[in-house]
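Peer 1: fold the stuff below for me.
(4 chains)
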Number of protein chains: 4
Amino acid sequence: MSPLHVVVWGENVHEHRNPAVAAIYPQGMHQAVAAGIREHLPGADVTTATLQEPEHGLTVPRLDATDVLVWWGHLAHQEVHDEIVHRVWMRLLAGMGLIVLHSGHFSKIFQRALGTRCGLRWRDCGERERIWVCHPGHPIAAGLPPHFELPREEMYGEPFGIPEPEEQVFISWFEGGDVFRSGCCWHRGAGRIFYFRPGHETFPTYHDPNVRRVIANAVAWARPRGIWADHGGVHEPAPLEPLRPTPA
Amino acid sequence: MSPLHVVVWGENVHEHRNPAVAAIYPQGMHQAVAAGIREHLPGADVTTATLQEPEHGLTVPRLDATDVLVWWGHLAHQEVHDEIVHRVWMRLLAGMGLIVLHSGHFSKIFQRALGTRCGLRWRDCGERERIWVCHPGHPIAAGLPPHFELPREEMYGEPFGIPEPEEQVFISWFEGGDVFRSGCCWHRGAGRIFYFRPGHETFPTYHDPNVRRVIANAVAWARPRGIWADHGGVHEPAPLEPLRPTPA
Amino acid sequence: MSPLHVVVWGENVHEHRNPAVAAIYPQGMHQAVAAGIREHLPGADVTTATLQEPEHGLTVPRLDATDVLVWWGHLAHQEVHDEIVHRVWMRLLAGMGLIVLHSGHFSKIFQRALGTRCGLRWRDCGERERIWVCHPGHPIAAGLPPHFELPREEMYGEPFGIPEPEEQVFISWFEGGDVFRSGCCWHRGAGRIFYFRPGHETFPTYHDPNVRRVIANAVAWARPRGIWADHGGVHEPAPLEPLRPTPA
Amino acid sequence: MSPLHVVVWGENVHEHRNPAVAAIYPQGMHQAVAAGIREHLPGADVTTATLQEPEHGLTVPRLDATDVLVWWGHLAHQEVHDEIVHRVWMRLLAGMGLIVLHSGHFSKIFQRALGTRCGLRWRDCGERERIWVCHPGHPIAAGLPPHFELPREEMYGEPFGIPEPEEQVFISWFEGGDVFRSGCCWHRGAGRIFYFRPGHETFPTYHDPNVRRVIANAVAWARPRGIWADHGGVHEPAPLEPLRPTPA
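Peer 2: I've put the predicted structure just below:
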């Protein structure tokens, strides 16, 4: 197999506004996510892109060469240009993998690909999250224990406004009394989508070994399986079979 | 049960440009579709709306009172305002049923709700279509024979760029050698979606008794089952359970 | 609509061995479940059947007249005759609804219809269960608050060895630290299946108003939608289309 | 990756009764299927097993070492011992891939894993079958043209009594006027299932290059992705979290 080309996209806003976030992620959250992927997939080519770059760092040639795109956004979903969202969507349908993290649940690309608003309940008091594996044989759960914990995280709670997951890999238990479908798979066209819940900016979640493993597993799982070349209407000039007279 | 409020939305363009279409549908295609629904659901309140009306006939109060929306469009998908598409999408998620007909596969609302481009192959030579029931117990197939035919229709062929249907009700066989998933169910939020393939404007498809029965069955099936009140993020101020000290 | 014919099947063993169970359910657990359904569906014809009756109370004529079958079993799954299991399975495929409760997850009929072993983790220390609604618009969640609680229940925990639910209606949070997909929908043939987790024999769960409402909602949801007459192979003597010479 | 261990299971009855079948498949149908897999997956260890061998050739140690099992049966489904069916089912849930061919739709293992009867309509007059790719990006369709043909095959027609496929890879068009979902994916536990329609014993279908490619692609796709170790109930002795007093 050719080397895997992964782009980790970060909104890169909290890091420059909130010193607490900058302290945890001095090079930006996207760099921490990228580092975790490199740890587990040493042969992969993992680079980053941010909102502030021209075309948000997602030019046509770069996206065409991307196998898997990882997305973290929160404050600035509305600043992502619709044209770039459309471009990412088309590339997804053609076969690129898409990993959406945490507050990316409200990103334009996630809503665009799922067809729902993806709303949820939330609470930010730094409570404990316990993540259970529901699908022990799934490649995204490879190498994990039956459950693992994050000592402090934001809570996301049901109802989560998504289409039914095609495969449910994780469900979270929160100390404060809530549950959430925190690891969900879908496909759209030839491309695969994985949503993974953890990753609030004020906690060191992307330094956690289990979280890093999940994201790297998801990247490997979402690598293109094939190409869906046809994104639009195709006109067939003539039938394959000779037509007979229509019944009177 | 309260009376069912159904709106049949027609693009209403072909009828005014092409005399052949006007001859088949002198009051417009939407009126023929509406008449077929009234035939089978005599207690329903069935009205129509068109592209040309203010807000395309889909004002907020009207949409709020609509149980099921039936959609036919073809030439003018791009003329449907994004704001109205968003409004219909929100109403669908809240519980309204949506029936998309034929060339509506490329409508903004269908793509918006499914999350794919919904492309397909097509050919317009007036060939025979035979529609098979794949799911005999499904309410949308009630009262139908194992298969029925339309003597002349446009061909739509696979691959159809949709998410996997939640229930596959019909598959079409075409005389010219093609197949198509012609009756497909999904849900998004609290709302149900049914796509039904037949209905090219130059053929009298919406006068066909079986086609009318399918559409009426689909309308009855798609009536709201409940309400999904939460379309966005909900902030929970406090945990339900008292939190314990974070492990050191 | 014709009156709904519901049969509540109870294993009826714990009630005769364990005085604590008999104290909670003096007429048997099946009678409490049946009473809850009657409360919410006063027009329904709700009867019971037990393991100890001839043919376990599920004769061919009775089953043929049953719209929805509710199943509770635990100790005696292996005593249910394979022939009766086959009979129930055939009736399900033909269109009957099937509601499986609690420890029925290991019943022959549930495994038979789902195609998996349906294993899970469990713990019986009488802890609190909080049941969250994941699908607010679903008819099975009608009339419920966003979550409700049972003060003491047995814990069931993930991984639950089931095919992915077609609709996820409830997920449970347990005080002891576990989560579970506690309300799941599938269909098989023309019949619908709903699994609902709560109902350990030593707790008064089937007297709980929310639990009763869920079960009644599920019965109404699972009523037959149509008939799948074909359970086997059908030989077509001749093609519908004239065949042409095979290409050389 | 370790070498892939594939077992092709053949009923091996027609070949000894019908000289026409023996002429097409002088070493048995299973050997032709195995040869096709070896062609495309030269590194795989591909062996065969038949009904007539002790334990049908599927001993515990052999099955434990099998990554993907391919199944062809027709006349003798009832002669397959229930104990062996159970064994294959358990191995599937644990992670083994299962490819079911043609008349295997009525095999005990396919019904066991899907939970339906898997009935269909059929006609045997040697008509043309055209197989369309519905899911161009799917690995099982890799290397195939948009459609391919078999000049003479048995017809299988809808309704096909299966749970909704998780991914629909192929749909067949038949010259005699029928359609069929001829390539379908599911998973059960950690194991993957693919059903592929073609392969009537009196036609040289398993010598066809496209059919061989599909089966080899399916074998590669169905290789184990992980292990589901838990097939039954697991007792948790104590809660992870300390319980609080039950509300009065």
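
Peer 1: do stretch A:2-20 and chain B meet at all?
Peer 2: No. No part of stretch A:2-20 sits near chain B under the criterion CB under 8 Å from any CB of the partner chain; the closest distance found is 15.9 Å. Every residue, glycine included, has its C-beta placed from N, CA and C.

Peer 1: now do the same contact list for the nearest residue to A:A22 once chain neighbours are set aside.
Peer 2: What sits nearest to A:A22 in space, not counting adjacent residues and going by CB to CB, 6 or more residues apart in numbering or on different chains, is A:E15, at 5.3 Å. For A:E15, the set of contacting residues under the criterion of CB atoms under 8 Å, 6 or more residues apart in numbering or on different chains consists of A:V21, A:A22, A:Y25, A:G28, A:M29, A:E201.

Peer 1: count the residues that sit near the closest residue to the third one other than its chain neighbours.
Peer 2: In other words, A:Y25. Here the nearest residue to A:Y25 in space, its sequence neighbours aside, is A:A32; by CB to CB, 6+ apart that works out to 5.3 Å. Using other CB atoms under 10 Å in any protein chain shown, the number of residues around A:A32 comes to 22.

Peer 1: if I look at the closest residue to A:A44 other than its chain neighbours, what pLDDT would I see?
Peer 2: Spatial nearest neighbour of A:A44, chain neighbours left out: A:L4 (4.2 Å); criterion: CB to CB, 6+ apart. According to the per-residue confidence, A:L4 scores 97 in pLDDT.

Peer 1: ditto for A:R112
Peer 2: The confidence metric pLDDT takes the value 98 at A:R112.

Peer 1: can the one helix or strand it maps to be found next to chain B?
Peer 2: Using DSSP states H and E, A:R112 sits in helix A:108-114. Yes. Legend: contact between helix A:108-114 and chain B by CB under 8 Å from any CB is shown at A:R112, A:A113, A:L114.

Peer 1: please name the residues that touch the residue lying closest to the last one once chain neighbours are set aside.
Peer 2: Yep, that's A:L114 we're talking about. In space, and not counting its chain neighbours, A:L114 is closest to B:G115: 5.2 Å by CB to CB, 6+ apart. Taking CB under 8 Å, 6+ apart as the contact definition, B:G115 lies against A:R112, A:A113, A:L114, A:G115, A:P163, A:R188, B:P163.

Peer 1: same check on A:H86?
Peer 2: So, once contact is read as CB under 8 Å, 6+ apart, A:H86 ends up touching A:R112.

Peer 1: does it belong to a helix, a strand or coil?
Peer 2: Assigned by DSSP: H, G, I helix; E, B strand; the rest coil, the conformation of A:H86 is helix.

Peer 1: and the gap between the residue nearest to A:V219 when sequence neighbours are not counted and A:R91?
Peer 2: If you skip the residues right next to it in sequence, A:V219 has A:V68 as its closest partner in space, 4.9 Å away by CB to CB, 6+ apart. Between A:V68 and A:R91 the distance, using CB to CB, to the nearest Å, works out to 11 Å.

Peer 1: mind checking which of these two has more residues around it?
Peer 2: Legend: neighbour count by other CB under 10 Å for A:V68 and A:R91, higher for A:V68 (27 against 19).

Peer 1: and the strand ranked longest in chain A with chain B, contact?
Peer 2: Residue-count comparison of every strand in chain A, with assignments taken from DSSP state E, identifies strand A:121-133 as the longest. Yes. Part of strand A:121-133 sits close enough to chain B to count as contact by CB under 8 Å from any CB, namely A:R121, A:W122, A:R123, A:C125, A:G126, A:E127, A:R128.

Peer 1: how many residues are close by the last one?
Peer 2: Here the neighbour count serves as a burial measure; for A:R128 (other CB under 10 Å) it reads 20.

Peer 1: and if you look at the third one?
Peer 2: Taking other CB under 10 Å as the neighbour definition, A:R123 ends up with a count of 21.

Peer 1: thinking again about what came up before, out of the residues of helix A:108-114 next to chain B, who has the most neighbours?
Peer 2: Neighbour max across the residues of helix A:108-114 next to chain B (other CB under 10 Å) = A:A113, 27 neighbours.

Peer 1: against B:C125, how distant is it?
Peer 2: As it turns out, when the distance is counted by CB to CB, A:A113 lies 35 Å from B:C125.

Peer 1: what's the first helix or strand after whichever strand or helix holds the residue nearest to A:Y25?
Peer 2: Here A:A32, judged by DSSP H and E, is contained in helix A:29-40. Later in the chain than helix A:29-40, the nearest helix or strand by DSSP H and E is strand A:45-50.

Peer 1: sheet-wise, list the partners of that following strand with their directions.
Peer 2: Using DSSP bridges, strand A:45-50 pairs in its sheet with strand A:5-10 (parallel).

Peer 1: do me a favour and average the pLDDT over stretch A:162-179.
Peer 2: Predicted confidence along stretch A:162-179 averages 98 (mean pLDDT).

Peer 1: picking that back up, pull the distance from the longest strand of chain A to the chain's centre.
Peer 2: Once both centres are worked out by CA atoms, centre = their mean, to the nearest Å, strand A:121-133 turns out to sit 19 Å from its chain's centre.

Peer 1: who are the packing partners of it?
Peer 2: For strand A:121-133, the elements it packs on are strand A:147-157, strand A:167-174, strand B:234-235, judged by 3 or more CB pairs under 8 Å, 6 or more residues apart in numbering or on different chains; DSSP states H and E.

Peer 1: so which of those strands gets nearest D:D45?
Peer 2: Of all the helices and strands packed on strand A:121-133, it is strand A:167-174 that lies closest to D:D45, at 28.8 Å by CB to CB.
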